[in-house]
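Participant: Following is a predicted model, sequence given first.
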Amino acid sequence: MSDPKKVIKRLIDQKLLALHTAYFAEVLKVDGDEAKIQPLNMIKEKGEEPQKQAVLTVPILQNVKKLSTQNITINGSSVTVAKVTNIKKGDIVYCLCAERDITETKNGKCVVPVIGHHRISDSVIVGVI
């Protein structure tokens, strides 16, 4: 017979593994205000081999831009200026998971969300590295 404390600890551990808060991902494709991403954290079931997480399509917040610098020449002098671009394939982004389902609320609808908290499918891109 199993130790009740070990069983409870294992149940808690499994619930925590299914709770998502934030993660890094690689952008595979950008289509308007959404991106297809590959989370960079691998998952592993006990006794199984590690594997990549599922590819997701998630919203990109409007303020998410990639900031870099560019050298330009003005009147013979080299000047470094800021360059702002949209995210693109290959960029590494930071994603947050909403507390509840965002299927309807991302379209501005006020609804009672389905059951579930902090699912990876309820992610949004909030920044770019």
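Facilitator: Received the coordinates, thanks.

Participant: Give me the below-cutoff pLDDT ranges for this protein.
Facilitator: In the predicted model, the chain carries pLDDT under 70 at residues 1, 15-19, 100, 103-104, 106-109, 111-118.

Participant: okay, which residue is most central for it?
Facilitator: Cys95 (2.7 Å; CA atoms, centre = their mean).

Participant: how far away is it from Ser2?
Facilitator: Distance, Cys95 to Ser2, by CB to CB, to the nearest Å: 37 Å. Heads up, the C-betas are built off the backbone N, CA and C, glycines and all.

Participant: before we move on, back to that, tell me how far the one helix or strand the residue nearest to the centre of the chain maps to lies from the chain's centre.
Facilitator: Take DSSP states H and E as the rule and Cys95 turns out to sit in strand 92-97. Centroid displacement of strand 92-97 relative to its chain, using CA atoms, centre = their mean, to the nearest Å, is 3 Å.

Participant: same question, stretch 92-100
Facilitator: Worked out by CA atoms, centre = their mean, stretch 92-100 lies 4 Å from the chain centre.

Participant: got a list of contacts for it?
Facilitator: Surrounding stretch 92-100, the residues in contact under the criterion CB atoms under 8 Å, 6 or more residues apart in numbering are 20-27, 35, 37, 39-40, 58, 64, 87, 113, 116-120, 122-129.

Participant: tell me which residues of that stretch are tucked away?
Facilitator: Buried residues in stretch 92-100, counted by 16 or more other CB atoms under 10 Å: Val93, Cys95, Leu96, Cys97, Ala98, Arg100.

Participant: What is the burial count for Val27?
Facilitator: Neighbour count for Val27, taken as other CB atoms under 10 Å: 20.
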